[in-house]
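1. next comes the sequence, and after it the predicted model I'd like to discuss.
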Amino acid sequence: MSTTLIILTFAPPLLILAYIIRADKFPEPIDAVIKVFCLGIGITFFAGILNSMVIPEGSNRAYLAGVTEESLKYLVLLFYVRKQDYFDEAMDGIVYGVLVSLGFATLENYHYVIRFIEHGQEIAVLRAFSAIPLHAMCGVIMGFYFGMANFYHVGQNYIKALLVPMCVHAAYNFIAGYSFYLTTIFILILFFQVKNLHATFIALQQKKFIEGETKI
């Protein structure tokens, strides 16, 4: 791979990740960040196995990848992240949701670029504005509901943390198989919805920060 192709392949998910981490007023431990990101990379292998079982080669069932992939990401949050001491505020749901999602997206992106290396640059650029943001935004959605469930105990948010990103991802894959323009519109609408979710937790963090300063 050329230097340009390496940058196009790996820079987009890492830049999105850097933004989410910097937006967190109470930064996460670097070892936790690395572990969860690597877990996201690791589940791509299980996703590959599951996808090959439920999505036959040449079929139009790509939307089912939204079910398998988001389920695996959810399991990382539920059975690993939730039990860690550093998972101590609602915003952490978004941070770790995005971490596991972009770990997954980074290796997936590499696989696509390598598989179609003759069109590597075009694929990397296209995915930088479509599939990678999709994974990141699903991570925000999952993390939002997961954080709400864990720290605010609101409604059926553990279920929403799984089902909402699963449906969003499945819808994206379905639309992407038919129209580039509809896919672009879908991504833009989703972006503004996800931005509002992220802003909600930023406001909660700001309130917590101000209250902490006042007590001091």
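-> Received it, and whenever you're ready, just let me know what you need.

2. could you pull out the buried residues of the longest helix seen in the chain?
-> For the chain, the longest helix by residue count, based on DSSP state H, is helix 180-215. For helix 180-215, the neighbour count (16 or more other C-beta atoms under 10 Å) marks Thr183, Phe186, Ile187, Leu190, Val194, Leu197, His198, Thr200, Phe201, Leu204, Gln205 as buried. For the C-beta atoms, the positions are set from N, CA and C on the backbone; glycine is no exception.

3. what helices and strands are in contact with the helix or strand where Ile175 lies?
-> According to DSSP states H and E, Ile175 maps onto helix 157-176. Secondary-structure packing of helix 157-176 (3 or more C-beta pairs under 8 Å, 6 or more residues apart in numbering; DSSP states H and E): helix 65-79, helix 131-151, helix 180-215.

4. residues of the shortest one that come out buried?
-> Of the residues in helix 65-79, Ala65, Gly66, Val67, Thr68, Glu69, Glu70, Ser71, Leu72, Lys73, Tyr74, Val76, Leu77 count as buried by neighbour count, 16+ other C-beta under 10 Å.

5. hang on, the earlier thing: Ser101: which of the helices and strands packed on helix 157-176 is closest?
-> helix 131-151 (3.1 Å; C-beta to C-beta).

6. check which helices and strands the closest one is in contact with.
-> Partner elements for helix 131-151 (3+ C-beta pairs under 8 Å, 6+ apart): helix 3-22, helix 65-79, helix 91-115, helix 157-176, helix 180-215.

7. and it, how far from the chain's centre?
-> For helix 131-151, the separation from the chain centroid amounts to 6 Å (computed by C-alpha atoms, centre = their mean, to the nearest Å).

8. and the worst-scoring helix or strand of the chain on mean pLDDT with helix 91-115, angle?
-> Within the chain, no helix or strand scores below helix 180-215, which has a mean of 82 by mean pLDDT, DSSP states H and E. Angle, helix 180-215 to helix 91-115, by axes from the mean of the first three to the mean of the last three C-alpha atoms, to 10 degrees: 150 degrees.

9. quick one: helix 180-215 to helix 3-22, angle?
-> Orientation check (the same axes, to 10 degrees): helix 180-215 against helix 3-22 gives 40 degrees.

10. tell me what helix 180-215 is packed against?
-> Using 3+ C-beta pairs under 8 Å, 6+ apart, the elements in contact with helix 180-215 are helix 91-115, helix 131-151, helix 157-176.
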